[in-house]
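J.: Generate coordinates for the sequence data below:
(4 chains)
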Number of protein chains: 2
Amino acid sequence: MTAPRRASAPDGGRPVRADALRNRARVLEAAEAVFAEHGTTASTEQVARRAGLGVGTVFRHFPTKEALLEAVFVARLGRLAAEADALMSAEDPGAAFFGFFTRVVDHAATKNALSAALAEAGVDVRETTAGTGRELRRALGALLGRAQEAGTVRADVGLPEILTLLVGASQAAEHVGGDAEVRARALAVVFDGLRATPPAAGGH
Amino acid sequence: MTAPRRASAPDGGRPVRADALRNRARVLEAAEAVFAEHGTTASTEQVARRAGLGVGTVFRHFPTKEALLEAVFVARLGRLAAEADALMSAEDPGAAFFGFFTRVVDHAATKNALSAALAEAGVDVRETTAGTGRELRRALGALLGRAQEAGTVRADVGLPEILTLLVGASQAAEHVGGDAEVRARALAVVFDGLRATPPAAGGH
DNA sequence: AGTTAATCGGAGCGGTCACTCCGGATTGAA
DNA sequence: TTCAATCCGGAGTGACCGCTCCGATTAACT
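T.: Numbers count the residues shown, from 1 in each chain, chains lettered A, B, ... in the order given. The predicted structure is shown next:
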């Protein structure tokens, strides 16, 4: 394994310049902040200003605005997946599952367009997001499985339904926004639906 | 009552011209179709072309694109409210409530940006939509009340939660789109949560 | 038919946005 | 230090969009 000196050299050439790496990180950070604050319609120039760089620099690292959005989404999804993985070792599987669900939704209420990321990752439109989307689905699926084995979540729901519910709840949170009280109660209804009582005896 | 000759004369002046009325209706119809098909970002020119009119005409009837969107939203919300009212005389209150809910969600899966209309009406951002939004909420509230009295829907949920759930479900349907099977199962979970088992005996 | 006032059509205006291009600054290796 | 490869900055380009303006058209009334 011919390890490169500093950063991962793109196969054959010299290593990536330090400033390029630093600026790329800055752009990503700025983009995340700006898109969270002003929505995905914010201009690339706003991102560049926030990062203290020129637009040209932004476009060199992310050749398209879509690519930039994708990168931001992937970063968020990755962090979410990591969080889900961390919860796999929790004692109470049910609490872990519902806790993760709640955390994602609460996050969506603040961070603009998180729900869009989730929706895309769920449906796998883009090529790049497919990878991290798969990772998130795997982690969420594992969390779900544990909760189902523990009997906290009914056994007749699958990952696709959960993902749909998660997307819906996140988007609702994003648009209803303000009232955390209402949000919590609505979420509680969904959770009650996810808990016990399979179809079973339709109790009159 | 000094009844005007043809169309409602705007108090004092001559009656509204017939072509103006016809074109207004055409614009609204075209706008609904175009926005449903291409989303709210579709240009005003597209709407004008679809209506077979010039952009100037569109802008005279709806002085702003926002106004046009509002008009489309109001029309949809009005129809929804009427539908809910019609269901008030149904035999089974529970079936009426859940049926209406399902219908709205299914509709959102097809008609683009319906969920946006619902979200706006729920939060009452615009002045104009406030009226029809209130009407929809009233109708939905009545439907909910009947279902609760009949014991089909748990008594400890309020209209705000229902509206949040409706918005969320609609937006999820719009973005997840394709798979009607998954959509139905996810909705079934929400419905189960809305049905019986109040807080009651919290099954250990 | 003739008159009047409202309506129509669509070229054009101002502004924004994603994206490009290239001279000059930086970096890392020799 | 020297030098080549690489990166940065930001003015500029082309396309699009919401909206306006005004001559041509048309409906309503006499």
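
J.: what does the helix or strand of chain A with the lowest mean pLDDT rub up against?
T.: Ranking every helix and strand in chain A by mean pLDDT, DSSP states H and E puts helix A:114-123 at the bottom, with a mean of 77. Contact partners of helix A:114-123, identified using C-beta atoms under 8 Å, 6 or more residues apart in numbering or on different chains, comprise A:40, A:72-73, A:76-77, A:104, A:107-108, A:126, A:129, A:132-133, A:136-137, A:163-164, A:166-167, A:170-171, A:173-174, B:171-172, B:175-178. C-betas here are computed from N, CA, C, even on glycine.

J.: May I have the phi/psi pair for residue A:99?
T.: For residue A:99, the backbone dihedrals (degrees, to the nearest 10) come out as phi -60, psi -40.

J.: got a list of what the residue nearest to it when sequence neighbours are not counted touches?
T.: Spatial nearest neighbour of residue A:99, chain neighbours left out: residue A:87 (7.0 Å); criterion: C-beta to C-beta, 6 or more residues apart in numbering or on different chains. Residues near residue A:87 by C-beta under 8 Å, 6+ apart: A:96, A:97, A:99, A:100, A:143.

J.: quick one: which of those is nearest to DNA strand C?
T.: residue A:100 (32.5 Å; C-beta to the nearest atom of the strand).

J.: So which residues on chain A come close to DNA strand D?
T.: A:13-14, A:16-17, A:19-20, A:23-24, A:52-57, A:59-61 (C-beta under 7 Å from any atom of the strand).

J.: of these, buried ones?
T.: A:23, A:24, A:53, A:57, A:59, A:61 (16 or more other C-beta atoms under 10 Å in any protein chain shown).

J.: quick check, nearest of those residues to chain B?
T.: residue A:59 (22.3 Å; C-beta to the nearest C-beta).

J.: right, and the closest one touches residue A:47 too?
T.: No: if you go by C-beta atoms under 8 Å, residue A:59 and residue A:47 don't touch, sitting 10.4 Å apart.

J.: in chain A, which ranges drop under the pLDDT threshold?
T.: Applying pLDDT under 70 to chain A flags residues A:1-13, A:178, A:196-204.

J.: can you rerun that using 90?
T.: A:1-16, A:107-133, A:171-180, A:196-204 (pLDDT under 90).

J.: check which helix or strand covers the nearest residue to residue A:38 once chain neighbours are set aside.
T.: Excluding its sequence neighbours, the residue lying closest to residue A:38 (C-beta to C-beta, 6+ apart) is residue A:46, at 7.0 Å. According to DSSP states H and E, residue A:46 maps onto helix A:44-51.

J.: Equivalent analysis for residue A:161, please.
T.: helix A:159-176.

J.: what helices or strands is that helix leaning on?
T.: Counting contacts by 3 or more C-beta pairs under 8 Å, 6 or more residues apart in numbering or on different chains; DSSP states H and E, helix A:159-176 packs against helix A:93-110, helix A:114-123, helix A:128-149, helix A:180-194, helix B:114-123, helix B:159-176, helix B:180-194.

J.: Quick check: which of these is nearest to residue A:31?
T.: helix A:114-123 (12.6 Å; C-beta to C-beta).

J.: Any residue of the closest one touching DNA strand C?
T.: No: using C-beta under 7 Å from any atom of the strand, helix A:114-123 never reaches DNA strand C; the gap is at least 14.9 Å.

J.: Now do the domain split for chain A, please.
T.: Listed by automatic domain parsing, the domain ranges of chain A are A:16-63, A:65-196.

J.: how far out from the middle of the chain is the shortest one?
T.: Relative to the centre of its chain, domain A:16-63 is centred 19 Å away, using C-alpha atoms, centre = their mean, to the nearest Å.

J.: Next, the distance between the ends of that domain.
T.: 17 Å (C-alpha to C-alpha, to the nearest Å).
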